[in-house]
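*Asks:* take a look and give me a structure for this.
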Amino acid sequence: MKKEFGTSLISGIIELTNGISKLSLLGNSNIYIILASFLLGFGGISVLLQVYSVISKSDISIKPYFYGKVIQACLSSLVTFLLLSL
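*Replies:* The predicted structure follows:
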């Protein structure tokens with residue numbers, strides 16, 4: 001089970017759709033729901049690279065976007081954890 005969990009996490013960080021799909025096959029435990037919320041908040045590296053390709057020819061930095069997505073992912077998982085705790 002740990003191997004499938006790690007595969008789902010890495011897959012979700014790289015590409016959201018496949019990661020969430022693999023994660024959904026593991027069950028509906030609260031940890032999986034919280035992790036899915038984190039992945040949905042982050043969006044995946046593929047989205048990050050797509051945004052980077054659009055802004056690469058400008059003087060806009062990708063760093064604030066990346067940090068914002070990490071913060072959004074953390075807040076999403078925190079809110080999900082709190083709601084599941086009710």
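*Asks:* residue ranges with poor pLDDT in this structure?
*Replies:* 1 (pLDDT under 70).
*Asks:* how about the residue nearest the centre of it: what's its closest non-neighbour residue?
*Replies:* Most central in the chain under C-alpha atoms, centre = their mean is Leu39, positioned 1.9 Å from the mean C-alpha point. Closest residue in space to Leu39, ignoring its immediate chain neighbours: Gly12 at 4.0 Å, by C-beta to C-beta, 6 or more residues apart in numbering. C-beta coordinates here come from the backbone N, C-alpha and C atoms, glycine included.
*Asks:* packing partners of the helix or strand in which Val79 is found?
*Replies:* When elements are assigned from DSSP states H and E, Val79 belongs to helix 63-85. In this structure, helix 63-85 makes packing contacts with helix 30-42, helix 45-55, judged by 3 or more C-beta pairs under 8 Å, 6 or more residues apart in numbering; DSSP states H and E.
*Asks:* thinking again about what came up before, ok, now which ones touch the residue nearest to the centre of the chain?
*Replies:* Neighbouring residues of Leu39 by C-beta atoms under 8 Å, 6 or more residues apart in numbering: Leu9, Gly12, Ile13, Leu16, Gly19, Ile20, Leu23, Ala73.
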